[in-house]
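A.B. asks: Sharing a model prediction with you, sequence too.
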Amino acid sequence: MKKTKISVIGLGYVGLPTLVAITRSQKYNVVGFDINSTRINQIKNQVSPIEDTDVVTYLNSNKLFVSSNVSILKNSDIFIVCVPTPVYPDFTPDYSIIISAAKLIAPLLDRGSHFVLESTVNPGTCNEIIKPILESGSNLKAGRDFNIAHCPERINPGDTKWNIYNINRNIGSVNKKNNHEIAFFYRSFLKEVKINEVSSLEIAEATKIVENTFRDINIAYANELAKSFDAMGIDVIETIGAASNKPFGFMPHWPGAGVGGHCIAVDPYYLIQRAALSGFDHKFLKLAREINKSMPEYAVEKLILSLNKISKSIKGTKITLLGLSYKPNLGDTRESPAFEIRDLLIEFGAELVVYDPLVPKESNRNSLSSAIKNAEGILLATAHQEFIDNLPNCLKNSSVKVIIDGRNCLNNTLLPKHIIYSGIGR
Ligand SMILES: NC(=O)c1ccc[n+]([C@@H]2O[C@H](COP(=O)([O-])OP(=O)(O)OC[C@H]3O[C@@H](n4cnc5c(N)ncnc54)[C@H](O)[C@@H]3O)[C@@H](O)[C@H]2O)c1
């Protein structure tokens, strides 16, 4: 009997683990497609382009069927789309990539096909943007001939506890019958995962945006508290830690030198823009974005104030920026606030050294000790384990006098006593 053919389109942090999970089930004929031929060659050579332990391990022992040639997608029964959904420089949503993926897939649809979007989008995207493209490009009708589903991915790269195999999912489709069919497929390869069938595409789309804006708003609250508590001289980290021993009704979020990544720093704009089209102004979300976007500048201001305490100007002073990626222990730099910090430090005339062990292309040193050599100030922008573990030792006998811990991750009791240490909100 012919195996059902599944194709995964876009092989990044979401698509590649998905491709591995479906392939591993051995139930389907599975192929992966990406427009980036370098990435495809890496995968063919069993090198993972993403830091995902499961993908790395799987690729070491198994080959995946991948190509940058669109013909690999022919005769697929289920198309799973995991392409990026970024924003333009003016923060308006950039739908161009999901539109081009939909245009690519439309002529390949057949009766009984499922088009599943896993990328994060605002409510309304599947019905308002994707459906007309798929229907006109296939001469088929969604709901009657083929299905459109949205199953937002919740993967958290670098997380050692939560992964594609144990994070519950929501799924919505053009109708209940189709939704049940596609939910059945997801259950077939994600055995431990609860696949919750929601009543519409819009609900499925909205869940993911709600999850990510929740984080943005709560981080903004923590960041605002950090500024207020800095002014009052109260340690906000100890405060939030103590507040979070309440067993209900409180969930800690932490301040820092800015929010990055393609999700939390991006998704609120999708909701803000779509709600505005319906006549609603998301004041709260806009304010949260504004607060979070102010944090790189705030971290640099704290550095300037600390340097003032030792009668130093930032101009002409040797400063080391530690970390460029937006997330600890990953090399992902999308929307990373560290770049704004870097640009500000350059603008203010610092003699700048940049070091991120996971982003060597953007670093101008290749070790922590060489990065802090002769530096007088450090601004830590990413909580990489290497910095937490090794910085206290490297600082012994160093010229560093001031540290701004933009992630509140260092144990300041381990630092040499003469160093002026300051975090965000402490
Ligand atoms: N990374 C995460 O943690 C995460 C978690 C949940 C949801 N998401 C969402 O999932 C989506 C994908 O994110 P990601 O992190 O996997 O992105 P990514 O940049 O890691 O991967 C996207 C891949 O799509 C490819 N691509 C771009 N245009 C294409 C096209 N037209 N056809 C085929 N391939 C194309 C790129 O070459 C890239 O390999 C986004 O909407 C994101 O917001 C990401």
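C.D. replies: Looks like it came in fine.
A.B. asks: Tell me which residues of stretch 173-188 come out buried.
C.D. replies: For stretch 173-188, burial by neighbour count (16 or more other CB atoms under 10 Å) applies to S173, V174, N178, N179, I182, A183, F185, Y186. Glycine gets a C-beta too; all of them are placed from N, C-alpha and C.
A.B. asks: same question, stretch 362-376
C.D. replies: The neighbour-count check on stretch 362-376 (16+ other CB under 10 Å) flags E362, S363, R365, L368, A371, I372, K373, A375, E376 as buried.
A.B. asks: what element comes up after the helix or strand harbouring Y269 heading to the C-terminus?
C.D. replies: Y269 is part of helix 267-277, with elements assigned from DSSP states H and E. Per DSSP H and E, the first helix or strand lying C-terminal to helix 267-277 is helix 283-293.
A.B. asks: out of everything not next to it in sequence, what's closest to V236?
C.D. replies: Nearest residue to V236, sequence neighbours excluded (CB to CB, 6 or more residues apart in numbering): G425, at 3.3 Å.
A.B. asks: Please tell me how far the one you found sits from L117.
C.D. replies: Counting by CB to CB, to the nearest Å, the gap from G425 to L117 is 38 Å.
A.B. asks: follow-up on the earlier one: max pairwise distance over the buried residues of stretch 173-188: which two?
C.D. replies: Of all pairs drawn from the buried residues of stretch 173-188, the greatest distance, 16.3 Å, lies between V174 and Y186 (CB to CB).
A.B. asks: Now the residue in the stretch 101-250 of the chain positioned nearest to the ligand: closest residue in space, sequence neighbours ignored.
C.D. replies: Using CB to the nearest ligand atom, the closest approach of the stretch 101-250 of the chain to the ligand is made by S119 at 3.2 Å. Nearest non-adjacent residue to S119, counting by CB to CB, 6+ apart: T85, 4.8 Å away.
A.B. asks: what helix or strand is the one you found on?
C.D. replies: Using DSSP H and E, no helix or strand contains T85.
A.B. asks: Around the ligand, pick out the residues from the stretch 101-250 of the chain.
C.D. replies: A101, S119, T120, E153, R154, I155, P157 (CB under 6 Å from any ligand atom).
A.B. asks: how about the strands in this structure?
C.D. replies: With DSSP state E as the criterion, the chain has strands at 5-9, 29-33, 66-67, 78-81, 114-117, 147-150, 169-173, 195-197, 318-322, 351-355, 377-380, 402-405, 420-423.
A.B. asks: Would you mind telling me which of the ones you listed is nearest L305?
C.D. replies: strand 420-423 (8.0 Å).
A.B. asks: re earlier: how about the strands of the chain, which one is nearest P296?
C.D. replies: In terms of CB to CB, the element of the strands of the chain nearest to P296 is strand 377-380, at 9.7 Å.
A.B. asks: Pull the number of nearby residues for the nearest residue to L345 once chain neighbours are set aside.
C.D. replies: Excluding the flanking residues, the one nearest L345 by CB to CB, 6+ apart is L352, at 5.2 Å. Residues contacting L352 under the criterion other CB atoms under 10 Å number 18.
A.B. asks: ok, now how distant is L352 from the ligand?
C.D. replies: 28 Å (CB to the nearest ligand atom, to the nearest Å).
A.B. asks: tell me the contacts of that residue?
C.D. replies: Contact analysis of L352 by CB atoms under 8 Å, 6 or more residues apart in numbering lists I319, T320, L321, R342, L345, I346.
A.B. asks: how about these, which pair is most distant?
C.D. replies: Using CB to CB, these span at most 13.2 Å, a distance reached by T320 and I346.
A.B. asks: So for those two, which sits in the more crowded spot?
C.D. replies: Higher neighbour count among T320 and I346: T320, with 26 against 14, using other CB under 10 Å.
A.B. asks: So K401 is in contact with E376, correct?
C.D. replies: Yes - at 5.3 Å, K401 and E376 qualify as touching, with contact defined as CB atoms under 8 Å.
A.B. asks: Need the overlap of contacts for the two.
C.D. replies: Counting by CB under 8 Å, 6+ apart, the contacts common to K401 and E376 are K312.
A.B. asks: So what touches stretch 275-290?
C.D. replies: For stretch 275-290, the external contacting residues (CB under 8 Å, 6+ apart) are T213, D216, I217, I219, A220, Y221, P268, Y269, L271, I272.
A.B. asks: List the buried residues for that stretch?
C.D. replies: A275, H282, L285, A288, R289.
A.B. asks: now do stretch 264-276
C.D. replies: For stretch 264-276, the neighbour count (16+ other CB under 10 Å) marks I264, A265, V266, D267, P268, Y269, Y270, L271, I272, R274, A275 as buried.
A.B. asks: repeat for stretch 121-131
C.D. replies: Within stretch 121-131, the residues scored as buried using 16+ other CB under 10 Å are V121, N122, P123, G124, T125, C126, N127, I130, K131.
A.B. asks: how about the closest residue to the ligand within the stretch 1-150 of the chain, what does it touch?
C.D. replies: Relative to the ligand, the nearest point of the stretch 1-150 of the chain is G12 (1.8 Å; CB to the nearest ligand atom). Contacts of G12 were listed using CB under 8 Å, 6+ apart, and they are D34, P49, I50, C82, P84.
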